[in-house]
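K.L.:
mind folding the following:
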Amino acid sequence: MSTRNRDGGIFLQEREERIPSNQLPTKLDIIKAYNFRRHLMEKSRYSNSKVISCPQKTKSTDLICDTPHGCQSSPFGPCIVSQTIEPWISAGFSESILSSTTVRKHLEVLVIDSQKTKKMISKKGYDQNKALKTWNQLFDISHKDIKIHIRKDCKRDKLAKDADISFLRDQRGKRAQFMGFSDRNFKGKVREEEEKNKKKEKEEHSMQERLKKEQ
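P.N.:
As a prediction, this is how the structure comes out:
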C-alpha cells in the first residue's frame with residue numbers, strides 16, 4: 001500500500017503567466033509565475049538563476065532589470081525579479097524595498113523551499129491546507145523600517161501615508177485590499193519624476209567632471 005499523497009502539493013505545480021499587479025505578491029503568486037517561465041525556458045536548458053533574474057550589468061552588482069522595463073524585451077517575458085518588484089513600486093514603496101540582487105537571493109531560496117514542500121506534502125499525513133496557508137502569505141521584500149520610510153516621504157500627505165501603511169498591513173494579513181488603476185497611474189507618475197531627477201543629477205555630475213578636466 002502506498003504511503004504517498006498523489007496530490008504532491010499540486011498548488012505548487014500550477015502555472016500563471018504573470019504575477020498579479022493589483023496586490024503585493026504572495027509566495028504562491030511568485031512560484032506560479034516561476035513555473036510558467038521555467039516551462040517556457042525548459043527546452044533552452046536555462047539555469048535556474050536565469051529563470052529567476054536577468055544577468056548583472058557590466059562591472060556592476062545591479063541587475064539589468066533594475067532599469068525600467070529592463071527585461072521586457074526577453075522572448076520569455078519579464079524575469080521573476082522584475083515581476084516581484086514591480087507591484088511594490090506601483091504601490092509607492094520603491095524607496096523602501098530590498099535591492100534587486102538581494103531579492104534574487106531570496107527568490108532562489110523560495111524556489112528551493114517550494115521543492116522541499118512538494119516532497120513533504122507527498123508524504124502521507126502531511127497537512128496540505130496548512131502548507132497552502134503558508135504559501136498564500138506575502139513575499140515581503142520591504143526594509144524592516146519601511147514604516148519610517150513612508151512617514152518621512154515628503155511627496156505624500158499624512159492621509160496618503162496612513163493609507164499606504166494600512167495597505168501594507170492588510171497585505172501582510174487578510175489581503176482584502178487591492179490597488180486600483182488610479183493608484184498605479186499615480187505611482188507611475190511619481191516613478192517617472194524620480195527617474196527624471198536621477199537622470200538630471202547624472203547629467204549635472206558629468207558636466208561638473210568635464211569642467212574639472214578642462215580647467
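
K.L.:
which residues in the chain form helices?
P.N.:
Ranges of helices in the chain, per DSSP state H, are 27-41, 48-52, 80-90, 100-121, 128-135, 146-152, 158-172, 181-214.

K.L.:
just say which of those is most tucked in.
P.N.:
Comparing these by mean neighbour count (mean count of other C-beta atoms under 10 Å), helix 80-90 ranks first with a mean of 24. (C-beta placed from N, C-alpha, C; glycine too.)

K.L.:
that helix packs against which elements?
P.N.:
If you count contacts as 3 or more C-beta pairs under 8 Å, 6 or more residues apart in numbering; DSSP states H and E, helix 80-90 packs onto helix 27-41, helix 48-52, helix 100-121, helix 181-214.

K.L.:
switch to 6 Å and redo it
P.N.:
Contacts defined by 3 or more C-beta pairs under 6 Å, 6 or more residues apart in numbering; DSSP states H and E place helix 80-90 against helix 27-41, helix 100-121.

K.L.:
and those as TSV, adding mean pLDDT and distance to Asp162?
P.N.:
Converted to TSV, those look like this (pLDDT from 0 to 100; distance: least, C-beta to C-beta, whole Å):
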stretch	mean pLDDT	distance to Asp162
helix 27-41	92	26
helix 100-121	91	27
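
K.L.:
just to revisit the earlier point, redo the helices of the chain as TSV? Include distance to Ile19.
P.N.:
What follows is those, written out as TSV (distance: least, C-beta to C-beta, whole Å):
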stretch	distance to Ile19
helix 27-41	5
helix 48-52	13
helix 80-90	4
helix 100-121	11
helix 128-135	14
helix 146-152	20
helix 158-172	13
helix 181-214	14
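
K.L.:
ok so, going back, I'd like to know which of the helices and strands packed on helix 80-90 is closest to Pro87.
P.N.:
helix 27-41 (9.1 Å; C-beta to C-beta).

K.L.:
now that closest one: how far from the chain's centre is it?
P.N.:
The chain centre lies 13 Å from the centre of helix 27-41; the measure is C-alpha atoms, centre = their mean, to the nearest Å.

K.L.:
spatially nearest residue to Trp135 (excluding sequence neighbours)?
P.N.:
Excluding the flanking residues, the one nearest Trp135 by C-beta to C-beta, 6 or more residues apart in numbering is Leu28, at 4.2 Å.

K.L.:
re earlier: the helices of the chain: which one's closest to Glu17?
P.N.:
Smallest distance to Glu17 across the helices of the chain (C-beta to C-beta): 5.4 Å, for helix 27-41.

K.L.:
and the contacts of stretch 134-143?
P.N.:
Stretch 134-143 has contacts (C-beta atoms under 6 Å, 6 or more residues apart in numbering) with Leu24, Pro25, Thr26, Lys27, Leu28, Ile30, Ser96, Ile97, Leu98, Val103, Gln171, Arg172.

K.L.:
show me the shaky parts of the chain.
P.N.:
Within the chain, the segments meeting pLDDT under 70 span 1-9, 43-44, 55-73, 181-202, 204-205, 211-212, 214-215.

K.L.:
what residue is smack in the middle of it?
P.N.:
The residue lying closest to the centre of the chain (C-alpha atoms, centre = their mean) is Thr84, at 1.7 Å.

K.L.:
returning to that earlier point: can you tell which of the helices and strands packed on helix 80-90 is closest to Ser74?
P.N.:
helix 27-41 (9.4 Å).
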